[in-house]
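**Student:** Provided below are the primary sequence and the corresponding predicted coordinates.
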Amino acid sequence: MKQSKGVLRMIVETTVRKALNDLEKDPERTIRNLVEIAHGFSKGEFQKNFFQIVQSMLENEDSAYYLLVKNLVYYVDHETLLTFGMNLGYNGCANGSKKMRQAEEKYGFHVPWSMCFCMKEGDASFPIEQSYEIIEQGKTWGAYTYFFFSCDEQLEEISQLVESEPDCAFLIFIEPQKGKEAQERFGQMHNVMIFVRGDCPNSIETAKYLVENKMLVGAYHLYSSDQVSEIETGTWLKEISSSGAAMAFLAAEKGCSQEERKEVWSYIRKTRFYQDYPIIPVEFSMDMITIDQAFSPDTCSLHFSPSGQVTLYDKNGTRNLGLYSCGTLLQQILGGNMQETANI
């Protein structure tokens, strides 16, 4: 059963829907007005500082981000922009952060704002049924954002999950050869963003195909230590931005050191600041930590491996929390971790 929308969400949704129409007529002015409104409604120090930075950046009339917004408004289904944006921004951030603080006070441990599922590796496969129960638990404390990796063989099952959770935002990461199936499975859904692997053949063609079908699209690049210098040339970002993808996730492979990740992150932040390309680049591990800390200094995210191993990511690094099995309460896993930490 779908929950009724709150009055505040309905007001925000109406404002955003009107803005989407205004963006077609005067994108530059509408973007600046939206940022001003958001800055006025922001409460936390991080949110206020964020919108101040955005306002400063948008003073650049040649910003490539104006082109990004024009592309989004022209190519992407407006219902998708509205629904995904509200689920991520309002449910997952504004309203979600309030729920998270309440949950932390109630349970006495830190709760995640997002969760990541790595669905398959070798012979191991994470049961989709467990994803359902984890998401239902996560929503009770304000987690509305979910990532699915290594899921090419389970797109049908995941599409059913996405359809059953209209209040959540889903980010699905696929290989280029799965583009047509992704369009067939998710093309009519508005709470999902598809990320195409962008460092292999047919990446740009697949991303363009999904964009032409009015879907919200991103790209991702798995980088190794010997690719750090190449990334910093900007060649990949320039190429993938030509596909119409709105975001570019860069994720380090296991062999990358923390220093190398920070080096890529430094380049990413500089690229975002100067708005060099009509695409928003993200260094997955480093930027996720920054987002985590925007909710709470002690917030975290959870990752589930195909074998069921649960890993907690926070400002202190990573910790293995044991195996998840059907019927397990996440409160027990997280609460046990906090007790263990307190005893150290």
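**Tutor:** The structure has been received and is ready for your questions. Numbering: from 1, shown residues only.
**Student:** for residue 271, pull up the helix or strand it's in.
**Tutor:** Applying DSSP states H and E as the criterion places residue 271 in helix 258-274.
**Student:** next: residue 135.
**Tutor:** helix 128-140.
**Student:** identify all contacting residues around that helix.
**Tutor:** Contacts of helix 128-140 with the rest of the structure, by Cβ atoms under 8 Å, 6 or more residues apart in numbering, involve 99, 103, 112, 115, 117, 119, 143-144, 146, 154, 157-158, 161, 164-165, 167-168, 304, 308, 324-327, 329-331. C-betas here are computed from N, CA, C, even on glycine.
**Student:** and those residues, which of them are in strands?
**Tutor:** Among these, DSSP state E puts 112, 115, 117, 146, 304 in strands.
**Student:** list buried residues within the contacts of helix 128-140.
**Tutor:** Listed as buried from the contacts of helix 128-140 are 99, 103, 112, 115, 117, 119, 143-144, 146, 154, 157-158, 161, 165, 167-168, 304, 308, 324, 330-331; burial here means 16 or more other Cβ atoms under 10 Å.
**Student:** please compute how far the helix holding residue 271 lies from its chain's middle.
**Tutor:** Distance of helix 258-274 from its chain centroid, counting by Cα atoms, centre = their mean, to the nearest Å, is 18 Å.
**Student:** for the stretch 1-150 of the chain, which segments are assigned as helices?
**Tutor:** Taking DSSP state H, counting those that start in this stretch as the test, the helices found in the stretch 1-150 of the chain are 7-25, 27-41, 45-57, 64-75, 78-86, 95-107, 128-140.
**Student:** tabulate those helices (TSV), appending distance to residue 317 and mean pLDDT.
**Tutor:** Shown next, in TSV, are those (distance: least, Cβ to Cβ, whole Å; pLDDT from 0 to 100):
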stretch	distance to residue 317	mean pLDDT
helix 7-25	35	76
helix 27-41	32	72
helix 45-57	21	63
helix 64-75	33	88
helix 78-86	30	92
helix 95-107	20	79
helix 128-140	22	93
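**Student:** residue 314: which of those helices is closest?
**Tutor:** helix 95-107 (12.9 Å; Cβ to Cβ).
**Student:** tell me what angle that closest one forms with helix 7-25.
**Tutor:** Angle between the axes of helix 95-107 and helix 7-25 is 150 degrees (criterion: axes from the mean of the first three to the mean of the last three Cα atoms, to 10 degrees).
**Student:** then helix 95-107 to CSV, C-alphas only?
**Tutor:** Extracted C-alpha coordinates of helix 95-107, given in CSV (Å, rounded to 0.1, in the frame of the first residue of the first chain):
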residue,chain,number,x,y,z
ASN,A,95,13.0,14.2,5.4
GLY,A,96,15.4,11.2,5.6
SER,A,97,17.9,13.0,7.7
LYS,A,98,15.2,13.9,10.2
LYS,A,99,14.2,10.3,10.5
MET,A,100,17.8,9.2,10.9
ARG,A,101,18.4,11.6,13.8
GLN,A,102,15.3,10.2,15.5
ALA,A,103,16.4,6.6,14.9
GLU,A,104,19.8,7.3,16.3
GLU,A,105,18.3,8.7,19.4
LYS,A,106,15.9,5.8,19.7
TYR,A,107,18.3,2.9,19.0
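**Student:** what packs against it?
**Tutor:** Applying 3 or more Cβ pairs under 8 Å, 6 or more residues apart in numbering; DSSP states H and E, one finds that helix 95-107 contacts strand 112-118, helix 284-295, helix 330-343.
**Student:** switch the cut-off to 10 Å
**Tutor:** helix 7-25, strand 112-118, helix 128-140, helix 284-295, helix 330-343 (3 or more Cβ pairs under 10 Å, 6 or more residues apart in numbering; DSSP states H and E).
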